[in-house]
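**Q** Structure for this input, please:
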Amino acid sequence: MLIFSRDRKKMIDCVSVQITRNFGGGKDGKFGLIAYGGGLGSMSYGVIASFSDEKTAMDELEKMFTAFESGAQAYRL
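**A** Now for the predicted structure:
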């Protein structure tokens, strides 16, 4: 599935997406959605969105899965 990042700076043809805890300091989002994609022998990845809490990140991941399950070919955060 093609995913367009929340900041509109990345578009990744995703193989998988996961939630990771951001251990960086400051007031940044504490949880990030990381998308992994690949093609022609190379792997690409990127933070496609960050969230202040894990529940909100999980809710967004659920929405992405529902779109994928419904046959969507692209998803915009």
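**Q** use CA for all of it now, contacts and neighbours both
**A** Will do.
**Q** Next one, pLDDT for Tyr45 please.
**A** Model confidence at Tyr45, expressed as pLDDT, equals 87.
**Q** shift numbering so it begins at 9
**A** Sure, I'll start counting at 9 from here, so that last one is Tyr53.
**Q** Who are the contact partners of it?
**A** Residues touching Tyr53, when contacts are defined by CA atoms under 8 Å, 6 or more residues apart in numbering, comprise 20, 42-45.
**Q** so what's the closest residue to it other than its chain neighbours bridging to?
**A** If you skip the residues right next to it in sequence, Tyr53 has Tyr44 as its closest partner in space, 4.3 Å away by CA to CA, 6 or more residues apart in numbering. Residues in a beta bridge with Tyr44, per DSSP bridges, are Ser24, Tyr53.
**Q** for Ala80, helix, strand, or coil?
**A** coil (DSSP: H, G, I helix; E, B strand; the rest coil).
**Q** Can you show me the strands along this protein?
**A** Defined through DSSP state E, the strands belonging to the chain, from first to last, are 10-12, 19-29, 39-47, 50-59, 82-84.
**Q** Present the ones you listed as JSON lines; the columns should include distance to Phe73.
**A** Written out in JSON lines, the entries for the strands of the chain read as follows (distance: least, CA to CA, whole Å):
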{"stretch": "strand 10-12", "distance to Phe73": "12"}
{"stretch": "strand 19-29", "distance to Phe73": "10"}
{"stretch": "strand 39-47", "distance to Phe73": "13"}
{"stretch": "strand 50-59", "distance to Phe73": "15"}
{"stretch": "strand 82-84", "distance to Phe73": "10"}
